[in-house]
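Participant: Below are the sequence and a predicted model; questions follow.
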Amino acid sequence: MQTKHKKEYYISLIFLLLSVVFWGYSFISTKVILKELPPASIAFFRQIIASATLGIWLLCTKAFSRISLKHMGFIAISALFGIVLYFVFENNGLKFTSASNASMIVASVPVFTLVTEALFYKMKITLKMVICVLLSIAGVYFVISVNGSLDLSSSTLLGNLLVIGAMAAWVIYTMFNKSLTKSYSTNLLTAYQIITSVFIFIPFVIPEVKQWKMLSLMPMLNLIYLGVFCSAFAYFFYVYASKRLGSTVSAAFLNLIPVVSVVSGYLVLGERISLIQAVGMGIVILSLFILNKK
């Protein structure tokens, strides 16, 4: 039994890391597509691609099952917050604020998740958890502050507020999933949430229909990447890991996203990594290691 738990633990860690890697590249892909497609429409088509991917998966594995009316309501609410509102807020926010600001706001998600779990699920907060979460936020600051100083002026206020809205939506989504994962398998839950989100997106994309046009090759490839890897696979991986590792630990791993962005810039674009960025990366990784150490 202990061996089985260890296996699930390591699979969960691998899945979390894969989610972070996929999402780390997603900001770049979104920026590329924004040149040809409006924000809500990007998220809408992304979920259609993800729905097709997960639908094929469910057909092949014959994993379809009935869902109660009550739980269908919960799935719709979680899809509204974790997919629809999250992407509407984030994609619009990226138009009005810097990537550095967005990264620091994302880094605060583990704090809100920790407080929410303590308030609503009576989870015991330990000093180690608090220190590790704060350390990871400090590490993120070192990683992103070199590429662009934080801009808290009025010009970025709207963008910052929209990204904060996206993070709040993500925390609510995570809390709803906490109860849903007790009743349904990860692949079934993820598929139903993403398929449901397509219909909820319709009111948000109607005002953007006039701006639709055939995408050129690179934006189209980036959109497929977002749908297949960043939505279908990454959401499945994240929900699977959250079910086994807990919401706070899973949320803390989101602070690796800026690390992935900087490393990918080094590998793909030949950008330099400064000493202070390397220190920041080390702090983030160390804090996550301590947080997961029993």
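Facilitator: Perfect, I can see it now. Numbering: from 1, shown residues only.

Participant: Assign a three-state SS to Y25, would you?
Facilitator: helix (DSSP: H, G, I helix; E, B strand; the rest coil).

Participant: Quick check: it vs V198, distance?
Facilitator: 23 Å (C-beta to C-beta, to the nearest Å). Backbone N, C-alpha and C define where each C-beta goes, glycine included.

Participant: Same check on S250?
Facilitator: Here the criterion is C-beta to C-beta. By it, S250 lies 25 Å from V198.

Participant: Settle it for me: which of those two has more neighbours?
Facilitator: Between S250 and V198, S250 has the larger neighbour count (other C-beta atoms under 10 Å), namely 26 against 19.

Participant: helices and strands around the strand or helix carrying the more buried one, which ones?
Facilitator: Using DSSP states H and E, S250 sits within helix 247-252. In this structure, helix 247-252 makes packing contacts with helix 109-120, helix 127-145, helix 157-180, helix 234-245, helix 275-292, judged by 3 or more C-beta pairs under 8 Å, 6 or more residues apart in numbering; DSSP states H and E.

Participant: Among those helices, show the one with the smallest mean pLDDT.
Facilitator: For the helices and strands packed on helix 247-252, mean pLDDT drops lowest on helix 109-120, to a mean of 77.

Participant: hey, C-alpha coordinates of that helix in PDB?
Facilitator: What follows is helix 109-120, C-alpha atoms only, in PDB (Å, rounded to 0.1, in the frame of the first residue of the first chain):
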ATOM      1  CA  VAL A 109      -2.300  32.500  -5.500                       C
ATOM      2  CA  PRO A 110      -0.800  30.000  -2.900                       C
ATOM      3  CA  VAL A 111      -1.400  32.600  -0.200                       C
ATOM      4  CA  PHE A 112      -5.100  32.900  -1.000                       C
ATOM      5  CA  THR A 113      -5.400  29.200  -1.400                       C
ATOM      6  CA  LEU A 114      -3.800  28.600   1.900                       C
ATOM      7  CA  VAL A 115      -6.200  31.100   3.700                       C
ATOM      8  CA  THR A 116      -9.200  29.700   1.900                       C
ATOM      9  CA  GLU A 117      -8.400  26.100   2.900                       C
ATOM     10  CA  ALA A 118      -7.900  27.200   6.500                       C
ATOM     11  CA  LEU A 119     -11.200  29.100   6.600                       C
ATOM     12  CA  PHE A 120     -13.500  26.700   4.700                       C
END
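
Participant: For V259, which non-adjacent residue is closest in space?
Facilitator: M281 (4.9 Å; C-beta to C-beta, 6 or more residues apart in numbering).

Participant: can you pull the contacts of that neighbour?
Facilitator: For M281, the contact set (C-beta atoms under 8 Å, 6 or more residues apart in numbering) comprises G139, V143, V259, V262, V263.

Participant: isn't the first one right up against G282?
Facilitator: Yes. Between G139 and G282 a contact is recorded at 7.4 Å, counting by C-beta atoms under 8 Å.

Participant: ok, the two, which is more surrounded?
Facilitator: A direct count of neighbours by other C-beta under 10 Å for G139 and G282 places G139 higher, at 26 against 14.

Participant: Would you mind listing the residues in contact with the more buried one?
Facilitator: When contacts are counted by C-beta under 8 Å, 6+ apart, G139 touches N255, G280, M281, G282, I283, V284, I285, L286, S287.

Participant: and which of those is nearest to F64?
Facilitator: Of all the contacts of G139, N255 has the smallest distance to F64: 35.8 Å, by C-beta to C-beta.

Participant: mind checking how far the nearest residue to the closest one once chain neighbours are set aside is from I105?
Facilitator: Distances taken as C-beta to C-beta, 6+ apart place S136 nearest to N255, at 4.3 Å, with adjacent residues excluded. Applying C-beta to C-beta, the value for S136 to I105 is 14 Å.

Participant: low-confidence ranges in the chain?
Facilitator: For the chain, the stretches flagged by pLDDT under 70 are 1-2, 63, 98-101, 103-104, 145-155, 265, 268-271, 293-294.

Participant: what's near enough to touch the closest residue to Y238 other than its chain neighbours?
Facilitator: Once flanking residues are discounted, Y238 sits nearest to S19: 4.6 Å by C-beta to C-beta, 6+ apart. Going by C-beta under 8 Å, 6+ apart, S19 touches F233, A234, Y235, F237, Y238, A241, F253.

Participant: Turn those into TSV, columns for neighbour count.
Facilitator: Below are the contacts of S19 laid out as TSV (neighbours: other C-beta atoms under 10 Å):
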residue	neighbour count
F233	20
A234	23
Y235	26
F237	25
Y238	27
A241	25
F253	24
